[in-house]
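1. Curious how this folds, go ahead:
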Amino acid sequence: MSHEKAEWTRRAIDVMTAWSAGHCDSRFAAKRVAAYAGEEPDGAMKLAVGFINLSAMLLTEVEQLSGTDATTILQDIARFTFELSPET
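-> The predicted structure follows:
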């Protein structure tokens, strides 16, 4: 990972740390997102790439700890989020 992409990933970690420290209250995390997104013209894109990198790292960690492949983990998460969706 390049130094630049590592910085973007650190921003995503900062946002998730804010979310976690707020006991899953998203207001503080939303302020961090707004700050990073507004920092520069492509701030939102950099933060999105940071979240992709962070998600990939966490998915790999779960895959190794659980012995379940990444595709199955993502499918399980998709099913869970579908079950939480209001009926249309």
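2. pLDDT on stretch 48-63, on average?
-> Stretch 48-63 carries an average pLDDT of 97.
3. can you list contacts of that stretch?
-> For stretch 48-63, contacts defined as C-beta atoms under 8 Å, 6 or more residues apart in numbering pick out 1, 5, 7-13, 15-16, 68-70, 73-74. C-beta here means a position set from N, CA and C on the backbone, and glycine is covered the same way.
4. send the alpha carbons of the helix or strand harbouring residue 51 over as PDB?
-> Under the criterion of DSSP states H and E, residue 51 resides in helix 43-66. These are the backbone C-alpha positions of helix 43-66, laid out as PDB (Å, rounded to 0.1, in the frame of the first residue of the first chain):
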ATOM      1  CA  GLY A  43     -11.500  14.400   0.000                       C
ATOM      2  CA  ALA A  44     -14.700  12.300  -0.300                       C
ATOM      3  CA  MET A  45     -13.100  10.000  -2.900                       C
ATOM      4  CA  LYS A  46     -10.000   9.600  -0.800                       C
ATOM      5  CA  LEU A  47     -12.100   8.700   2.300                       C
ATOM      6  CA  ALA A  48     -14.100   6.200   0.200                       C
ATOM      7  CA  VAL A  49     -10.900   4.500  -0.900                       C
ATOM      8  CA  GLY A  50      -9.700   4.500   2.700                       C
ATOM      9  CA  PHE A  51     -12.900   2.700   3.700                       C
ATOM     10  CA  ILE A  52     -12.500   0.200   0.900                       C
ATOM     11  CA  ASN A  53      -8.900  -0.500   2.100                       C
ATOM     12  CA  LEU A  54     -10.100  -0.700   5.800                       C
ATOM     13  CA  SER A  55     -12.900  -3.000   4.800                       C
ATOM     14  CA  ALA A  56     -10.600  -5.300   2.900                       C
ATOM     15  CA  MET A  57      -8.200  -5.500   5.800                       C
ATOM     16  CA  LEU A  58     -11.000  -6.300   8.200                       C
ATOM     17  CA  LEU A  59     -12.600  -8.800   5.800                       C
ATOM     18  CA  THR A  60      -9.200 -10.600   5.500                       C
ATOM     19  CA  GLU A  61      -8.900 -10.700   9.300                       C
ATOM     20  CA  VAL A  62     -12.300 -12.200   9.700                       C
ATOM     21  CA  GLU A  63     -11.600 -14.700   6.900                       C
ATOM     22  CA  GLN A  64      -8.500 -15.800   8.700                       C
ATOM     23  CA  LEU A  65     -10.000 -16.000  12.100                       C
ATOM     24  CA  SER A  66     -13.200 -17.800  11.100                       C
END
